[in-house]
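1. Predicted model, plus sequence, below.
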Amino acid sequence: MSAYHATILWLRGEQAFLDNRYSRAHRWQFDGGLEVAASSSPHVVPLPMSDASAVDPEEAFVASLSSCHMLWFLSLAAKQGFQVDRYEDCARGTLARDSQGKLAMTEVVLRPRVSFGAGPQPDAPQLQALHHAAHEACFIANSVTSEVHCEPQWD
């Protein structure tokens, strides 16, 4: 069993608060020392109370699913002797009403495009099997109720 930590820091400063027009900009701090500018999504809380240049929780959710899938894919490809030279995923998440009428990330679609180097090249069924195995192994995908689909892209 492992534990993971993040510190989320928001400071009011001199801004008003009770009028609900305060800035949602805050910081994510991780144990390795990295700090990330974060905010609510401008789709949820309008500008200027949100910071469009910062990472919002919805984007982070999509990115964590994509990143976890990629890390498993790379590991599985290496074990099968396929040299990955490049992996890019333009993932998309959908915020919509769920079956209980609550706003939720109802679907995430991963669209990985993988380039392989010299040596053996996976055929289409092998590539699909690698993505399927990566999805099955992904800790994050196993932790959510959202539909997560993988639509590999080919050149």
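-> The structure has been received and is ready for your questions.

2. Could you name the helices and strands sitting against the longest strand along the chain?
-> Looking across the chain with DSSP state E, the single longest strand is strand 103-110. Using 3 or more CB pairs under 8 Å, 6 or more residues apart in numbering; DSSP states H and E as the contact test, the elements touching strand 103-110 are helix 57-79, strand 92-97, strand 147-150. To be clear about C-beta, it is placed using only N, CA and C from the backbone, and glycine gets the same treatment.

3. Arrange those in a markdown table, one row each, with mean pLDDT as further columns.
-> What follows is those, written out as a markdown table (pLDDT from 0 to 100):
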| stretch | mean pLDDT |
| --- | --- |
| helix 57-79 | 98 |
| strand 92-97 | 96 |
| strand 147-150 | 92 |
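
4. okay if I get those as TSV plus distance to Ser2 and mean neighbour count?
-> Below are those laid out as TSV (distance: least, CB to CB, whole Å; neighbours: other CB atoms under 10 Å):
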stretch	distance to Ser2	mean neighbour count
helix 57-79	14	18
strand 92-97	25	14
strand 147-150	22	17
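
5. Switch those over to JSON lines; also include distance to Ser40.
-> Listed next are the helices and strands packed on strand 103-110 as JSON lines, based on distance: least, CB to CB, whole Å:
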{"stretch": "helix 57-79", "distance to Ser40": "8"}
{"stretch": "strand 92-97", "distance to Ser40": "12"}
{"stretch": "strand 147-150", "distance to Ser40": "23"}
